[in-house]
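Enquirer: What follows is a predicted structure for the sequence shown.
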Amino acid sequence: MTTLGSIEAGGTKFICSVSDENLNIIAKERIPTSLPRITMPLIYQFFQKYHPDSIGIGCFGPIGINETRKNYGKILATPKKGWVNYSFLEEIKNHINVPVFWTTDVNAAAYGEFKLGAGKEFKNIVYWTVGTGIGAGAIYNGKLLNGLSHPEMGHILVRRNQYDYIDGVCNYHYDCLESLASGPAIEKRAGKKAEDLSKSSKQWDMEAYYLAQACVDVAMVLSPERIIFGGGVSKQEHLFPKIRYEYNKMIGHYIKTSSLDSFIVHAKLGDDAGTIGCLLLAKKRLKI
């Protein structure tokens with residue numbers, strides 16, 4: 001029996017899973033993201049029990065994803081202490097000698113939604129995750145979109161709302177999407193976490209204003225057939241009509257879609273998108 005492995009490497013936790021080739025989960029373990037010397041041995045111990053035939057890794061970024069560059073396989077300028085320039089892929093291969101598919105966490109989630117979730121009817125989608133940070137993965141003509149590096153759409157610059165006076169929360173950009181629309185940005189503006197806000201809070205109008213800009217930008221540049229939102233902030237169902245309303249105003253009828261209700265949607269796989277994506281990529285690596 002073929003066994004597939006998944007490592008969903010996040011800023012707060014690693015989710016390690018194994019499944020059969022039909023993606024039936026055999027085992028799953030959550031490991032806190034601490035220093036590499038603490039976290040990595042726990043990952044090795046988990047997989048030593050199950051001997052996967054291949055592993056798909058979706059890692060928090062930025063990461064070196066271009067195989068022609070010296071930084072391939074490394075975690076790069078992350079704010080996560082101890083992980084800057086960490087040779088993640090090399091370390092995994094030194095301890096678990098199987099084929100590995102290496103990509104970002106949001107790319108893996110995008111691939112999961114593309115194959116088995118809200119994007120499975122299409123060849124071109126964009127998947128956004130909106131939570132502690134913001135990121136996006138794109139599937140273009142059925143393939144993950146990468147180039148010199150992976151997409152960093154969470155850091156696209158957006159037009160600041162005229163009533164928004166917070167400084168933003170990104171260490172690199174004052175007016176990027178993550179700086180103004182991530183969970184920490186909402187908390188800084190509102191004085192409470194997004195999940196604690198009422199549905200009637202004006203904060204959701206502000207959030208929709210920024211996320212709609214993100215949708216307009218990717219619609220203009222990548223022309224996706226569907227835009228999918230996942231992540232903790234996106235679990236607010238009442239947010240979606242607001243995003244669609246703002247998008248419709250901003251796009252100015254320049255690009256027409258049959259129905260905004262089916263163009264801008266919530267992820268079907270929810271919190272499992274990353275794990276499922278990693279398992280599918282592990283399977284892809286084996287070409288089965």
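Expert: Structure received.
Enquirer: Where do the strands of the stretch 101-250 of the chain begin and end?
Expert: 125-130, 134-140, 143-144, 226-230 (DSSP state E, counting those that start in this stretch).
Enquirer: Would you format these as TSV with mean neighbour count, mean pLDDT and distance to residue 84 included?
Expert: The way it works is simple: take the backbone N, C-alpha and C, and place the C-beta from them, glycine included. Converted to TSV, these look like this (neighbours: other CB atoms under 10 Å; pLDDT from 0 to 100; distance: least, CB to CB, whole Å):
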stretch	mean neighbour count	mean pLDDT	distance to residue 84
strand 125-130	28	97	22
strand 134-140	26	96	18
strand 143-144	16	95	25
strand 226-230	26	97	26
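Enquirer: want to try TSV for the ones you listed, with distance to residue 88 as columns?
Expert: Shown next, in TSV, are the strands of the stretch 101-250 of the chain (distance: least, CB to CB, whole Å):
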stretch	distance to residue 88
strand 125-130	20
strand 134-140	17
strand 143-144	18
strand 226-230	23
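Enquirer: right, so of those, which gets closest to residue 4?
Expert: Residue 4 lies closest, by CB to CB, to one member of those: strand 143-144, at 17.8 Å.
Enquirer: now the closest one, how far from the chain's geometric center?
Expert: 14 Å (CA atoms, centre = their mean, to the nearest Å).
Enquirer: helices or strands up against that strand?
Expert: Judged by 3 or more CB pairs under 8 Å, 6 or more residues apart in numbering; DSSP states H and E, strand 143-144 is in contact with helix 105-116.
Enquirer: what's the average pLDDT for the helix it packs on?
Expert: Averaged over helix 105-116, pLDDT sits at 97.
Enquirer: what helices or strands is that helix leaning on?
Expert: strand 3-9, strand 54-59, strand 125-130, strand 134-140, strand 143-144, strand 226-230, helix 273-286.
Enquirer: will you turn these into a markdown table that also has distance to residue 184?
Expert: Converted to a markdown table, the helices and strands packed on helix 105-116 look like this (distance: least, CB to CB, whole Å):
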| stretch | distance to residue 184 |
| --- | --- |
| strand 3-9 | 20 |
| strand 54-59 | 21 |
| strand 125-130 | 11 |
| strand 134-140 | 10 |
| strand 143-144 | 27 |
| strand 226-230 | 18 |
| helix 273-286 | 20 |
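Enquirer: In contact with the nearest residue to residue 188 once chain neighbours are set aside, which residues are there?
Expert: Counting by CB to CB, 6 or more residues apart in numbering, residue 166 is the residue found nearest to residue 188 once chain neighbours are left out, at 5.3 Å. Residue 166 sits next to 180, 185, 188, 189 when contact means CB atoms under 8 Å, 6 or more residues apart in numbering.
Enquirer: Throw together a ChimeraX command that grabs the buried residues out of those.
Expert: A single ChimeraX command is used to select the members of the contacts of residue 166 judged buried by 16 or more other CB atoms under 10 Å:
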select :180,185,189
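Enquirer: So residue 197 is in contact with residue 206, correct?
Expert: No: Residue 197 is not in contact with residue 206 according to CB atoms under 8 Å; the separation is 10.9 Å.
Enquirer: Show me what counts as buried in the helix of greatest length in the chain.
Expert: In the chain, with assignment by DSSP state H, the single longest helix is helix 203-222. Residues of helix 203-222 classed as buried: 203-204, 206-219, 222 (neighbour count, 16+ other CB under 10 Å).
Enquirer: What of stretch 23-43?
Expert: Judged by neighbour count using 16+ other CB under 10 Å, the buried positions of stretch 23-43 are 23, 31, 33, 36, 39, 40, 43.
Enquirer: My guess is the fifth one contacts residue 32. True?
Expert: Yes: at 7.1 Å, residue 39 counts as touching residue 32 under the criterion of CB under 8 Å.
Enquirer: Low-confidence regions, the protein specifically.
Expert: 288 (pLDDT under 70).
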